[in-house]
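A.B. asks: No letters, just coordinates:
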DNA sequence: TCTGGGGTCCTAGGACCC
DNA sequence: TCTGGGGTCCTAGGACCC
C-alpha cells in the first residue's frame, strides 16, 4: 500500500486565534509579539504586505501602531493552547493516526484512501476546521513528510490551490520543485541554504537531482535524508507511540527589566526551577542533572555581554523541586557579578528518566521519599495548583506575584476559552 | 527605552579502556 | 626501542525546526 501523509497547519496561527474572538482584527495588518512583547512572531497576510519581517523587534513598528495602521497583541498561550487542541480534535475525526507536530500543525496518515479522493478529503478537513473552530488552515498531501511539507508550502503560496494541494503524483512533484527555491525545503535552513546556493543548487529540483553520496560527504546525513524524502523514500519516521517524553526540559525567560541584585535573580530563577519541575512531573519523569544560566543583555553596546552557566547534579534522580532550590543560592553566588545588569536567565533539566524505572540508592537509609508508592509533597502541591490555578501554592523563594522581573505583556487579549470571567457575552 | 522560548539531532574531538 | 586498532562515553557546538 502506498503511504500517504497529510500535513495540516493553521495560517498565521496566533493571529488567527486572536481574530476568531475579536472580529475587528479581521482583514487587518495584525502581529502577535513574543514573550516580553519583544518581537513579532506571527503576522497576518496584511502585515506581511507592509514589509514587516518575522522577528522584527516591536519598537521598530511602534510608529505604525501609534498611527493605528497596524494592530499588535501580546502572546496569549492559554488561548492558543486551547484553540490548538480544538483544531487537533477536529482532525482526529479523519484518522486516529495523527501526530501533533507543533502547536499549529499535525501529520495525518491517509494511507489506504483511493488516490482520487485525497483532494476532496483535504478540502473537507479545511472546511470542517474552519466551520468548527474559525481557524483557516492549509493542507498538503504526499508520500513523505518532506513532500507533504512541500505540498503545504504550495497550498499557502499559490491562491489558485485554495489551500489544499495533493502532491502524490511524481509529475506534479517535479513541476513544483522546479519553481521552489531550495531554501523553502523543510530541513534546509539559512546556513545550508547559502552553502547550497554557492554550489549552484538554487531550486528543490536541483537538490533532488543530487547524488546522495555527494550530499552526505559535502553536507551531512541529515541533508541526505531530506534528499531521500524528496525522492519519495520515507526516511523521517513518525515518532514512536508513547515516546513523546522529552530529553530535556527548559524554562527560561528574558526579564521584564534588568536585574542588578542577587536577591531578584534568586526569586526569578526559583520561579523557573519550580516551573521546569512541574513540567517534569507532568511527564512522569525524573531528572538527575541540570544547567542554570544567567546572561546580560547582548544588544547593549556599552557593556560586554556577560553571563555564565553552572551544572548541577543530584545524588539520584528526582522530580522534587526542593533539592534544586537548595542548590540555587550557592550556584548563583558563583555566577553573579556585582555591577552586572542581567537580562535573561534559565534552568534546564537533563539526564531524564522515567519515574517508573526509578532506581534508588541501595545503601540509602531511610529509603528515598520519591520511591514508587510514596505520595510526595509535590503530588499534593501539583493537585492543589491544578485545581485552584498555577502558582496558588509555591515555594517561598519564588516570592509574590507582582515582581517587576516578570514579563511585559501590555497588549494581552483575554483568555476567551479558559477563564470564566473572560468568556464573551452576546447581547441580543 | 525596546530584540522569544523550547526543542531535536548530528558531529568532532578528547579521555579512557582493552 | 619500536608501536595498532578498535571500541565506548561524554561534551560542546552547530544546524535545524516551530
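C.D. replies: Nice, thanks for sending it over. This one's a predicted model, so the numbers in the text were calculated from it and none came from an experiment.
A.B. asks: Worst mean pLDDT across the helices and strands of chain A, which element?
C.D. replies: Least confident helix or strand of chain A, by mean pLDDT, DSSP states H and E, is strand A:307-318 with a mean of 86.
A.B. asks: From the chain's centroid, how far away is it?
C.D. replies: Its chain's C-alpha centre and that of strand A:307-318 lie 25 Å apart, by Cα atoms, centre = their mean, to the nearest Å.
A.B. asks: which helices and strands does the helix or strand that that strand is followed by pack with?
C.D. replies: Using DSSP states H and E, the helix or strand that follows strand A:307-318 in sequence is helix A:322-335. When contacts are defined as 3 or more Cβ pairs under 8 Å, 6 or more residues apart in numbering; DSSP states H and E, helix A:322-335 sits against helix A:262-282, strand A:285-296, strand A:307-318. (C-beta placed from N, C-alpha, C; glycine too.)
A.B. asks: Can you show me the helices along chain A?
C.D. replies: With DSSP state H as the criterion, chain A has helices at A:13-21, A:45-49, A:62-66, A:77-91, A:118-133, A:145-157, A:170-178, A:190-198, A:204-208, A:212-218, A:221-230, A:262-282, A:322-335, A:377-388.
A.B. asks: of all those, which lies closest to DNA strand C?
C.D. replies: helix A:190-198 (3.2 Å; Cβ to the nearest atom of the strand).
A.B. asks: list the buried ones in that closest one?
C.D. replies: Buried positions in helix A:190-198, judged by neighbour count with 16 or more other Cβ atoms under 10 Å: A:192, A:193, A:196.
A.B. asks: okay if I get the helices and strands packed on helix A:322-335 as CSV plus mean neighbour count and distance to residue A:377?
C.D. replies: Listed next are the helices and strands packed on helix A:322-335 as CSV, based on neighbours: other Cβ atoms under 10 Å; distance: least, Cβ to Cβ, whole Å:
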stretch, mean neighbour count, distance to residue A:377
helix A:262-282, 21, 12
strand A:285-296, 20, 16
strand A:307-318, 16, 12
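A.B. asks: Output the ones you listed as JSON lines; include the columns distance to DNA strand C.
C.D. replies: JSON lines is the format used below for the helices and strands packed on helix A:322-335 (distance: least, Cβ to the nearest atom of the strand, whole Å):
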{"stretch": "helix A:262-282", "distance to DNA strand C": "16"}
{"stretch": "strand A:285-296", "distance to DNA strand C": "8"}
{"stretch": "strand A:307-318", "distance to DNA strand C": "7"}
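A.B. asks: among these, which is nearest DNA strand B?
C.D. replies: Taking Cβ to the nearest atom of the strand, helix A:262-282 is the member of the helices and strands packed on helix A:322-335 nearest to DNA strand B, at 5.8 Å.
A.B. asks: relative to helix A:322-335, how tilted is the closest one?
C.D. replies: On the basis of axes from the mean of the first three to the mean of the last three Cα atoms, to 10 degrees, helix A:262-282 is oriented at 140 degrees to helix A:322-335.
A.B. asks: And residue A:60, how far from residue A:170?
C.D. replies: Distance, residue A:60 to residue A:170, by Cβ to Cβ, to the nearest Å: 44 Å.
A.B. asks: how many neighbours does the closest residue to residue A:308 other than its chain neighbours have?
C.D. replies: In space, and not counting its chain neighbours, residue A:308 is closest to residue A:335: 4.8 Å by Cβ to Cβ, 6 or more residues apart in numbering. By the measure other Cβ atoms under 10 Å, the count of residues near residue A:335 is 20.
A.B. asks: What's the separation between residue A:335 and residue A:293?
C.D. replies: Counting by Cβ to Cβ - residue A:335 and residue A:293 are separated by 8 Å.
A.B. asks: Now for those two: what residues contact both?
C.D. replies: Counting by Cβ atoms under 8 Å, 6 or more residues apart in numbering, the shared contacts of residue A:335 and residue A:293 are A:307, A:308, A:309, A:310.
A.B. asks: Quickly list what the first one is bridged to.
C.D. replies: Partner residues in beta bridges with residue A:307, using DSSP bridges, are residue A:295.
A.B. asks: Thought residue A:294 was touching it, still the case?
C.D. replies: Yes - if you go by Cβ atoms under 8 Å, residue A:307 and residue A:294 touch, sitting 5.4 Å apart.
A.B. asks: Quick check: neighbours shared by those two?
C.D. replies: Overlap of the contact sets of residue A:307 and residue A:294 (by Cβ under 8 Å, 6+ apart) consists of A:335, A:342.
A.B. asks: List the single closest residue to residue A:188 in space, sequence neighbours excluded.
C.D. replies: Leaving aside its chain neighbours, residue A:188 sits nearest to residue A:182 (5.9 Å; criterion: Cβ to Cβ, 6+ apart).
A.B. asks: hang on, I meant residue A:162
C.D. replies: Among residues not flanking residue A:162 along the chain, residue A:123 sits closest, at 7.6 Å (Cβ to Cβ, 6+ apart).
A.B. asks: Near whichever residue of the stretch 101-250 of chain A sits closest to DNA strand C, how many other residues are there?
C.D. replies: The stretch 101-250 of chain A approaches DNA strand C most closely through residue A:189 (2.3 Å), counting by Cβ to the nearest atom of the strand. Using other Cβ under 10 Å, the number of residues around residue A:189 comes to 10.
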